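Participant: Here is a sequence together with a model predicted from it:
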Amino acid sequence: MTKIVLLGAPIEAGTGRRGCVMGPDAYRTAGLVEELRALGHEVTDMGDAEPEDARDAKTEFTHLKELEVVAGWTRALHADAKRLGRGDALPIYLGGDHALSAGTVTGHAAAAAEQDRPFFVLWLDAHADFNTFATTTSGNLHGTPLAFACGLPGFDAYLNGPVPVPVNPENVCILGLRSVDGDERRLLQDSAVTAHDMRAIDELGIVPLLRAFLDRVRAAKGVLHVSLDVDFIEPDIAPAVGTTVPGGATFREAHHVMELLHDSGLVTSLDLVELNPFLDVKGRTARLMVDLTASLFGRRILDRATRSY
Ligand SMILES: NC(=[NH2+])NCCC[C@H](N)C(=O)O
Ligand SMILES: [Mn+2]
Ligand SMILES: [Mn+2]
């Protein structure tokens with residue numbers, strides 16, 4: 001039994017299009033609370049967070065979309081995540097777009113540092129979200145949270161100062177990459193982030209790549225934050241996202257990742273991001289995300305005793 005808290009983060013300002021504000025309610029409608037309870041967990045839905053007022057958020061760059069709104073969410077969620085990271089329940093953040101992870105990742109990094117636990121991040125995404133204010137060409141700030149959390153320069157507007165505890169890029173693994181921008185690619189190459197694109201998954205298989213990372217987390221006695229972007233998954237089966245890229249993780253790959261994460265026992269916080277229910281087909285993406293979350297929290301086809309391998 002795990003104590004789980006759900007916190008909605010209905011932000012869509014990071015995307016440049018409408019719809020992600022409906023994400024938290026779509027997860028509730030798709031039965032997230034009921035599925036987790038059916039697995040024996042104690043679940044508390046804390047409702048939705050609210051952004052702070054961040055009208056002071058300013059930069060020299062004029063092409064950034066909704067910086068003040070994104071900064072307001074970053075500050076609020078950073079504080080929420082830091083508080084929840086000190087508690088004994090496992091938080092699931094219901095997005096909302098991926099800009100929300102600027103707050104949740106840095107908040108959990110700060111809480112882990114207080115407890116002297118090495119902090120690791122698994123970023124399941126078609127994109128690296130490793131742009132800075134200087135490199136983003138779209139101006140969509142959901143393309144920036146991982147660069148921010150890793151302490152790349154120029155982000156002071158988000159938290160009205162530097163990131164208190166930047167994530168060590170050596171402790172970050174991106175899995176599922178298939179869309180990286182030009183300057184973002186250089187930033188990623190110059191960083192110590194482990195980045196596995198779809199070719200690596202095709203050649204080596206998703207399981208060994210993930211196992212190697214989980215072994216490192218375990219060896220370091222670390223805590224693991226997982227950030228699951230809907231576009232990690234193949235768009236044919238997960239259409240409800242504004243930034244679909246063909247060639248994503250299959251149904252079985254995605255579930256297998258979740259099953260391995262469950263077996264590892266290492267996950268201490270989770271973001272579910274980028275679900276845009278306005279783009280969904282009869283709720284199938286919301287239901288798939290709920291099912292994947294259920295796999296991460298122990299749903300399995302056969303239990304170990306019954307499985308003959
Ligand atoms: N969280 C996401 N879906 N991010 C997509 C980012 C796309 C592109 N790299 C950009 O910065 O505009
Ligand atoms: Mn993303
Ligand atoms: Mn993405």
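Facilitator: It's in. Ligands and ions are numbered 1, 2, ... in the order given.

Participant: Can you name the residues of this structure sitting close to ligand 3?
Facilitator: Selection of the chain residues close to ligand 3 by Cβ under 5 Å from the ion yields 125-127, 229, 231. Where you see a C-beta, it was placed from the backbone N, CA and C, and this is true even at glycine.

Participant: Distance-wise, check residue 19 relative to residue 96.
Facilitator: To residue 96, residue 19 is 11 Å away according to Cβ to Cβ, to the nearest Å.

Participant: Just want to know which of those two has more residues nearby.
Facilitator: For residue 19 versus residue 96, neighbours defined as other Cβ atoms under 10 Å are more numerous around residue 96 (33 against 20).

Participant: What is the burial count for the closest residue in space to the more buried one that isn't next to it in sequence?
Facilitator: Closest residue in space to residue 96, ignoring its immediate chain neighbours: residue 9 at 3.9 Å, by Cβ to Cβ, 6 or more residues apart in numbering. Neighbours of residue 9 under the rule other Cβ under 10 Å: 30.

Participant: Please save the CA atoms from stretch 233-241 in CSV.
Facilitator: The C-alpha trace of stretch 233-241 is given here as CSV (Å, rounded to 0.1, in the frame of the first residue of the first chain):
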residue,chain,number,x,y,z
ILE,A,233,3.6,7.4,-26.6
GLU,A,234,2.8,6.7,-30.3
PRO,A,235,0.2,9.2,-31.4
ASP,A,236,-2.0,6.6,-33.0
ILE,A,237,-2.9,5.3,-29.5
ALA,A,238,-2.4,8.6,-27.6
PRO,A,239,-3.7,11.4,-29.9
ALA,A,240,-4.6,13.9,-27.2
VAL,A,241,-1.5,16.1,-27.2
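
Participant: Can you give me every residue that contacts whatever residue of the chain ends up closest to ligand 1?
Facilitator: In the chain, no residue comes nearer to ligand 1 than residue 143, which is 2.2 Å away by Cβ to the nearest ligand atom. The contact partners of residue 143, taken as Cβ atoms under 8 Å, 6 or more residues apart in numbering, are 14, 98, 127, 129, 131, 136, 181, 184.

Participant: Highest neighbour count among those?
Facilitator: residue 98 (31 neighbours).

Participant: That one: what's it in contact with?
Facilitator: Per Cβ under 8 Å, 6+ apart, neighbours of residue 98: 14, 125, 129, 142-143, 145, 227, 229, 271, 273-274.

Participant: let's go with 7 Å and repeat that
Facilitator: By Cβ atoms under 7 Å, 6 or more residues apart in numbering, the contact list for residue 98 reads 14, 129, 142, 145, 229, 273-274.
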